[in-house]
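A.B. asks: sequence plus predicted model, see below.
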Amino acid sequence: MAVGMTASAAVGSGVGDRVRARPAGLEVADLRVSARSGLQVLDGVNISVAPGSIAGVVGESGSGKTTLLRCLVGAVAPGLDATGTVELVDEQSSVPLLGADRRQLRAVRSQRVAYLAQDPGRSLTPTMRIGAAIAERLPPSVDSGARAAVVSELLEAVGLPGDEDFTRRYPFALSGGQAQRVALARALAASPDVLLLDEPTTGLDVITQAELLDELVRQHQHTPRTTVIVSHDLAVIARLADDVTVLRSGTVVESGPCRSTLRQPTHPYTRQLVEACPDPVHHIDAGAHRPHQRIRTTNSRSHGEPVLSLRGLTAVHRRTRAAPVIAARDLDLDLSGGRCVALVGASGSGKSTVARAIVGAHVRDTGTVALRGRTLPPALDDRAVADRWAIQLVPQDPTSSLNPRRRVGRAVDDVLRRVASANDEGGSDIGQRARTLFEQVGLTPELMMRRPAALSGGERQRVVIARALAASPAVLVCDEVTSALDVSVQAGVIRLLRSLVDDRGLAMLFITHDLGLVHDIADDVAVLHDGRICEAGPVERVVHAPEDPATRALLAASPSLSSELAVDR
Amino acid sequence: MSATEDRIELDGVGVDRTERRAPRTVLDAWGVIALILLASTLALALLGPLFAAEPVGQTVGRPFDPDSGGWLGTGELGRDVWSELLHGGRRIVIASVVITFIATMVGTTIGALMAASRAASRTLRILDVIAVLPPLLVLLLMLYRFGDSLFVVGLAVVLVSSPYIARYMRSVAEPVLASDYVLHARMVGEPRRVILWRHVLPNLTGPVLADAALRVAGTVYVVAAASFLGFGPPPPATDWAVMINDGAAGAGLNARAVIAPALAIAAFTVSLNLLGDRLAARWRSA
């Protein structure tokens, strides 16, 4: 914490009596933003952020939360019209931010309000060394001799090395977490009065996320700075914010002090968000209430022989411009019908490579993949068609897994027809079977005539699941299937997948970075660390009594709404 | 235009994931203007000969006389500019479209091969050597070597432009081939031709069309340049490029003799450029 202090001291010494972080608040009254198409992006939003407090804004895709944040720097995107007032208020003055002229806005943005956009990689100029990128944002009053020192103190303040070796790096040589911190250091360089953070932890793995959150908390304890933080993740908001505003389709459905609001949400939507929030800890107490818990004990169809076994699987993801990622080394794993195994690992650890090696899209380096005791060839194209059908993959991004030019009903038809013709069955009932599949994954058959672009993310993911089921697989490999979905949508997809395991007796490998989800879907969990399984066992045991340090670290870093709310700050 | 921005703005988590996308249209105001312009130029070029008052090569008065002949006056040999204009579009327009179509087919095939196979990619890299040659130089060399004909002009255009088309197609085909939906088609054992026709090519039509529309304009310039340099249609036949060349001499007497064909070529190429840009933008945002 000293870090924040030294940075400010250095800035102070360079600038004389520069006032830092003047207590300033934000007042938003009746903010309405509409698109020219007539769509109301924000509809009468009122928010008041007290000086030195942290305001959290929670909302799902399309709730208008990014638009709101951008209005707070007066940056309404072209094509949108904003009315209402947004003011930066301090003891002496109040500066209107909406409709301010360019010069005023530039002054506010360079000195008083810092906005940290969602993807930090994009906010750093690729051809600029990070030291220079931060120095650029320092106030001109800092002596040229002192600038390098101030830059390294700012970097240390966000938990990065401040040495020359690091400041001379280019953004491509940073990890996602480092880039996020550099962007934060850059935002703090001008010592703004107000800090706006848009989804600051999205795209980070849980451990990096936890470190960044700790850093933000430390910074704030040292120098309280008015902060607005936008996130879809309630646990992140609960960790940081004093007040919370829940935004849905451009309207505020609920707002108030963060903890009490999230503990006892009054609006049904807030309650739905709180309930849908994945939480590794939450279920310790609530385990008995989970519906599928019951089903699982009465319906454990675990046959003796595994449907799919991996033995000594080693898969290396070779990248063109970076070090290869060893996704798996010497991995052993068995999947049986009617059971779901969760494979948990940090983002970027190569989990997708494991999934692709199983289906044959990535040629494994060594080891075997065996389906009902028969070893399968490594490459997809060498596998028998029936073996390909038996193992189906549901990839991470439903948008790229559907052909944009093909109606989604046809996507399912194609597979059914392919299977039927190979089995010499008639194709007369294919339309009916496709409709049944759509209904089974919770979609109305009317959607079959649409193209993927006309579906929501959750609907697309369900289509992909229906398409996988059309091949009547024995094994379903789900690769981070919910990471592109909103929490409320995610819960539905998880329920669907679990029901497939229970009702169809599918063997499922559920790959995720989110320990919070594991509880809701899996019977067993295997934790992947450095390409090896460091711990495996039944979910209850691994989540509640982890033995391996890597599992413990992962659990400790996993955002948990219930444990955030349990602690009194 | 604003639809893109709305989408970015609405987007909560970086990439649009759940918002339904507004259908995008090629036809904004400029798109409509371009379409009207293109339709009228095509009508002028293709149907023109039916409406020409004078037959090809007919002298109607003194050279470069604004007052003889039709409303555009007369040109170099005392021919009616309006009639010449109506006669002179067909060759350029049809030749450009046909040549571009062939070049696009050749380039797309090469590009698809390069995207699909690493070996092909390495071998066909040789084509890049052709890409560095100045098109006009290649054109002139070929015209001198193989004789003066439209076929040779076409061959030169195909030769010079297919490496570029191939490169472009390779870069747009690669992400499609690597997409999860192509992977899925392989996972259910669809044969290669089904993958190609059902999943790959339909997703390339947008970029192919956009590229071809822009390229027709480039072909017009090469065909016109050949005519302008004296490798045009055998006299007395004429085309817009020849008319520009001939009309330039008497621009001081009857400026319309050079302005009219120049405008016709400009209308054709500019409208194609505008439409091509719109197609490309639509494809990028899709």
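C.D. replies: Arrived safely.
A.B. asks: where does the stretch 1-150 of chain B have low pLDDT?
C.D. replies: Counting by pLDDT under 70, the stretch 1-150 of chain B contains low-confidence ranges at B:1-26.
A.B. asks: so which residues of it form strands?
C.D. replies: Taking DSSP state E, counting those that start in this stretch as the criterion, the stretch 1-150 of chain B carries no strands.
A.B. asks: for the stretch 451-569 of chain A, what spans make up the helices?
C.D. replies: A:457-470, A:487-504, A:515-521, A:539-544, A:549-557, A:561-566 (DSSP state H, counting those that start in this stretch).
A.B. asks: tell me how many other residues surround A:Ser141.
C.D. replies: Counted with other Cβ atoms under 10 Å in any protein chain shown, residues neighbouring A:Ser141 total 10. All C-beta atoms are positioned from the backbone trio N, CA, C, and that covers glycine.
A.B. asks: confidence score at it?
C.D. replies: A:Ser141 carries a pLDDT score of 82 in this model.
A.B. asks: ok, now how distant is it from A:Val150?
C.D. replies: 11 Å (Cβ to Cβ, to the nearest Å).
A.B. asks: near chain A, which residues of the stretch 51-200 of chain B?
C.D. replies: B:179-181, B:183-190, B:198-199 (Cβ under 8 Å from any Cβ of the partner chain).
A.B. asks: take the residues you listed and keep only those in helices.
C.D. replies: Among these, the members falling in helices (DSSP state H) are B:Asp180, B:Tyr181, B:Leu183, B:His184, B:Ala185, B:Arg186, B:Met187.
A.B. asks: not counting its neighbours along the chain, what's nearest the fourth one?
C.D. replies: Looking back up the chat, that one is B:His184. Excluding its sequence neighbours, the residue lying closest to B:His184 (Cβ to Cβ, 6 or more residues apart in numbering or on different chains) is A:Ser401, at 6.1 Å.
A.B. asks: how about the second one?
C.D. replies: Nearest non-adjacent residue to B:Tyr181, counting by Cβ to Cβ, 6+ apart: A:Asn403, 4.4 Å away.
A.B. asks: now swap in the third one and tell me
C.D. replies: Using Cβ to Cβ, 6+ apart and skipping the chain neighbours, the partner closest in space to B:Leu183 is A:Ala361 (5.4 Å).
A.B. asks: doesn't A:Leu212 lie inside a helix?
C.D. replies: Yes - assessed with DSSP: H, G, I helix; E, B strand; the rest coil, A:Leu212 lies in a helix.
A.B. asks: mind pulling up the pLDDT for it?
C.D. replies: pLDDT, read off for A:Leu212, is 83.
A.B. asks: show me the contacts for it.
C.D. replies: Neighbouring residues of A:Leu212 by Cβ atoms under 8 Å, 6 or more residues apart in numbering or on different chains: A:Gly177, A:Gln180, A:Arg181, A:Leu184, A:Pro200, A:Thr201, A:Leu204.
A.B. asks: make it 10 Å
C.D. replies: Counting by Cβ atoms under 10 Å, 6 or more residues apart in numbering or on different chains, A:Leu212 makes contact with A:Val158, A:Gly159, A:Gly177, A:Gln180, A:Arg181, A:Leu184, A:Pro200, A:Thr201, A:Leu204, A:Val236.
A.B. asks: what about the nearest residue to the third one once chain neighbours are set aside, which helix or strand?
C.D. replies: Okay, so that is A:Gly177. Using Cβ to Cβ, 6+ apart and skipping residues adjacent in sequence, the residue nearest A:Gly177 is A:Thr208, 3.4 Å away. Per DSSP states H and E: A:Thr208 is located in helix A:206-222.
A.B. asks: just checking, A:Ile54 touches A:Thr227?
C.D. replies: Yes - A:Ile54 is within contact range of A:Thr227, at 4.4 Å (criterion: Cβ atoms under 10 Å).
A.B. asks: shared neighbours, the two?
C.D. replies: Common contact partners of A:Ile54 and A:Thr227 (Cβ under 10 Å, 6+ apart): A:Leu195, A:Leu197, A:Leu216, A:His220, A:Leu240, A:Ala241, A:Asp242.
A.B. asks: skipping its backbone neighbours, what lies nearest the last one in space?
C.D. replies: Counting by Cβ to Cβ, 6+ apart, A:Ser53 is the residue found nearest to A:Asp242 once chain neighbours are left out, at 4.6 Å.
A.B. asks: what about that neighbour, how many neighbours?
C.D. replies: 19.
A.B. asks: repeat for B:Leu263
C.D. replies: With other Cβ under 10 Å as criterion, B:Leu263 counts 15.
A.B. asks: ok, it - contacts?
C.D. replies: B:Thr41, B:Leu85, B:Trp240, B:Arg256, B:Val270.
A.B. asks: of those, which pair is most distant in space?
C.D. replies: B:Arg256 and B:Val270 (19.6 Å; Cβ to Cβ).
A.B. asks: so for the two, which sits in the more crowded spot?
C.D. replies: Set B:Arg256 next to B:Val270 and count neighbours by other Cβ under 10 Å: B:Arg256 wins out with 20 against 17.
A.B. asks: my guess is the more buried one contacts B:Val81. True?
C.D. replies: Yes - with contact defined as Cβ under 10 Å, B:Arg256 reaches B:Val81; the gap is 6.1 Å.
A.B. asks: hey, what's in contact with both of these two?
C.D. replies: The contact sets of B:Arg256 and B:Val81 overlap at B:Phe64, B:Pro66, B:Trp71, B:Leu72, B:Gly73, B:Thr74, B:Gly75, B:Gly247 (Cβ under 10 Å, 6+ apart).
A.B. asks: in JSON lines: these, plus neighbour count.
C.D. replies: Converted to JSON lines, these look like this (neighbours: other Cβ atoms under 10 Å in any protein chain shown):
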{"residue": "B:Phe64", "neighbour count": "25"}
{"residue": "B:Pro66", "neighbour count": "15"}
{"residue": "B:Trp71", "neighbour count": "10"}
{"residue": "B:Leu72", "neighbour count": "19"}
{"residue": "B:Gly73", "neighbour count": "25"}
{"residue": "B:Thr74", "neighbour count": "29"}
{"residue": "B:Gly75", "neighbour count": "32"}
{"residue": "B:Gly247", "neighbour count": "24"}
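A.B. asks: circling back to that earlier point, now for the helices of the stretch 451-569 of chain A, which one comes closest to chain B?
C.D. replies: helix A:457-470 (4.0 Å; Cβ to the nearest Cβ).
A.B. asks: what's the closest one packed up against?
C.D. replies: Packing partners of helix A:457-470 (3 or more Cβ pairs under 10 Å, 6 or more residues apart in numbering or on different chains; DSSP states H and E): strand A:391-394, helix A:408-422, helix A:430-440, strand A:475-479, helix A:487-504, helix B:180-187.
A.B. asks: point out where chain A drops to low pLDDT.
C.D. replies: Ranges of chain A meeting pLDDT under 70: A:1-21, A:120-121, A:203, A:281-304, A:320-322, A:347-348, A:568-569.
A.B. asks: can you tell me how far the residue nearest the centre of it is from B:Ala115?
C.D. replies: Central residue of chain A (Cα atoms, centre = their mean): A:Thr202, 4.6 Å from the mean position. Counting by Cβ to Cβ, the gap from A:Thr202 to B:Ala115 is 32 Å.
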